[in-house]
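Trainee: Task: produce atomic coordinates for the following.
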Amino acid sequence: MAWLEKKGIRVAPFKVGPDFIDPGLHSKVAGSVSFNLDSWMLSRSYNRDLFYSKSRDREIAVVEGVMGLFDGYDVLSDTGSTAQMAKWLDLPVLLVVSAKGKARSAAAIVKGFEAFDPDLKFAGVVFAQAGSQRHYQYLKDAVEQNCTTPCLGYLPQNEKIVMPERHLGLVTADEMPISSKTLSALVSMVDDHLDMDRLINGLLDLEFPEIGRADTPRIKQDPSATRVRAGETRVPGLKAVQGPGRARIAVARDKAFCFYYPDNLEMLEAAGAELVYFSPLTASCLPEDIDGIYFGGGYPELNAKALATKTLLLDQIQEASLGGMPIYGECGGFMFLCRDLISARSEAPARMCRVFEFDIQMSTRLRSLGYREITLTRDTLIGKKGDRMRGHEFHYSSMVETQPCENVSDTVYEVASRVGQKVSLKGYQKNMTLGSYFHLHFGSSPGAAPRFVGCCEAFRKARSSKG
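Mentor: All right, here's what the predicted structure looks like:
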């Protein structure tokens, strides 16, 4: 993506899977919002419409895969995998293979990928962590003798561009500025070691749907794709219920609360919400004249001390909840709405909003990870009883109940789980505040965003009638 931007080629970035961190890094490098594509959480039509609409005025789309090419929801199907998304969108695959410790066996790997699913098209193979040009030549000779996929180069080992990691993955783009020096190093690696001309020309020789280049006659246009006006940024298929102004929703956004699907925010706007962004880390109080609050996931645990000093803000959020304002918190946002946040180290607990009477205990090991499908067991601010929606769960903390929560139901969500898998996920609703470790993709339930905005609008009207 950095190389393409450097060459003046406009990139439409995408990420397969429910990851929040990689799309943030994409957006920093490509200068364009990166969207998640997911064949388990979202329908085929949703993914296709999203892909075509966001690629409409760009010259090339780059879709980063998830895990291995065929890894996804389970081991018996390609659901949720990069392979399934490539087939849904009819896109060629650039295979990246680790060269570390390999020579001729690399050809067996490439040949295995070629044969595993004949419906896939491969644009080429790139070897990562190659020891030298001579090492790459061994790999290339072996592949060319035994496979049909062209070798397009290699990336040498380079510790200078290794990105720092922590318990939820790579450090986020909000906390890790990508310097011009690092970008130059990335671009130089591509210039020096990858045959990008052959890759791009090879793409033009393949038949796949149009991704936005009107000046490329050899690329077929997909008549089933939803088209939007050039420059339009809304999720396809969404029509505003009313003009913006039905409700003002405050959205917490900073390095402590940075996990949002861009689609979720666009769907709230399409439903008539005016989004007001604020930073709980720097704001002394809530934005004025708001009718609801959305706390996304992120890293409140890494910023607990700073958040605990915002006593006025914490009190205001607690009072807003008691007053019936619709408040939605997921994962890190849910942790923020609880009582105290307890570090995995021997530190004093940090006070949070105390809407829910749970303490949050951090752990040094993963507590839960995976896709989740929930069914609402009662009406909530994101849907009505019986509504089904999909998302995922990923956290290193757990709840400790300090005392029984009044007016709280722990059966707001009924969670479907696979055979042999025990899932403890629950949804908690108190007054009009809903919290859970569940990361919901609004695209899995078309009524979720309008429902949330509608609840905020009802709160606005009730507040107005009371003067």
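Trainee: which stretches of the stretch 101-250 of the chain form helices?
Mentor: Along the stretch 101-250 of the chain, the segments classed as helices by DSSP state H, counting those that start in this stretch run 105-116, 133-146, 180-193, 196-205.
Trainee: So what angle separates the directions of the first one and helix 133-146?
Mentor: Right, the one you point to is helix 105-116. In terms of direction (axes from the mean of the first three to the mean of the last three CA atoms, to 10 degrees), helix 105-116 departs from helix 133-146 by 40 degrees.
Trainee: still on that earlier bit, tell me which of the helices of the stretch 101-250 of the chain sits nearest to I293.
Mentor: Taking CB to CB, helix 180-193 is the member of these nearest to I293, at 35.7 Å. Glycine gets a C-beta too; all of them are placed from N, C-alpha and C.
Trainee: now the closest residue in space to S444 that isn't next to it in sequence, what's its secondary structure?
Mentor: Using CB to CB, 6 or more residues apart in numbering and skipping the chain neighbours, the partner closest in space to S444 is R390 (3.9 Å). On the three-state scheme (DSSP: H, G, I helix; E, B strand; the rest coil), R390 is labelled strand.
Trainee: what's R390 in contact with, if anything?
Mentor: For R390, the contact set (CB atoms under 8 Å, 6 or more residues apart in numbering) comprises 40-42, 371-374, 440-441, 444-445.
Trainee: In the chain, where is pLDDT below threshold?
Mentor: By pLDDT under 70, the low-scoring segments of the chain are 167-168, 206-244, 346, 402-410, 417-422, 467.
Trainee: swap the cut-off to 90 and go again
Mentor: Along the chain, the parts satisfying pLDDT under 90 run over 73-75, 157-183, 201-246, 343-348, 361-370, 394-411, 414-425, 464-467.
Trainee: And the longest helix belonging to it, how far out from the chain middle?
Mentor: In the chain, taking DSSP state H as the definition, the longest helix is helix 448-465. Relative to the mean C-alpha coordinate of its chain, helix 448-465 is positioned 27 Å out (CA atoms, centre = their mean, to the nearest Å).
Trainee: buried stuff in it?
Mentor: In terms of neighbour count (16 or more other CB atoms under 10 Å), helix 448-465 has its buried residues at 448-460.
Trainee: can I get those residues in TSV with distance to I382?
Mentor: Shown next, in TSV, are those (distance: CB to CB, whole Å):
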residue	distance to I382
A448	5
A449	8
P450	10
R451	6
F452	6
V453	10
G454	11
C455	9
C456	12
E457	14
A458	14
F459	15
R460	18
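Trainee: D315: which of the contacts of R390 is nearest?
Mentor: Among those, L440 lies closest to D315 (CB to CB), at 27.4 Å.
Trainee: What separation do you get for the closest one and Y299?
Mentor: Separation of L440 from Y299 (CB to CB, to the nearest Å): 19 Å.
Trainee: A61 too?
Mentor: 30 Å.
Trainee: More neighbours: which of the two?
Mentor: Taking neighbours as other CB atoms under 10 Å, A61 and Y299 compare with Y299 leading, 22 against 17.
Trainee: Wait, that one touches D254, no?
Mentor: No: contact between Y299 and D254 fails when scored by CB atoms under 8 Å: they sit 9.9 Å apart.
Trainee: if we can go back for a sec, wait, which of the helices of the stretch 101-250 of the chain is closest to M399?
Mentor: Counting by CB to CB, M399 lies closest to helix 180-193 out of the helices of the stretch 101-250 of the chain; the figure is 38.8 Å.
Trainee: Distance from the closest one to the middle of the chain?
Mentor: In terms of CA atoms, centre = their mean, the centre of helix 180-193 is set 26 Å apart from its chain centre.
Trainee: hey, what's the closest residue in space to S445 that isn't next to it in sequence bridged with?
Mentor: Distance criterion CB to CB, 6+ apart; nearest residue to S445, sequence neighbours excluded, is M389 at 3.8 Å. Beta bridges link M389 to I374, judged by DSSP bridges.
Trainee: Could you report the neighbour count for M389?
Mentor: M389 has 23 nearby residues by other CB under 10 Å.
Trainee: And D291, how far from D254?
Mentor: 21 Å.
Trainee: I appreciate the help and will end here.
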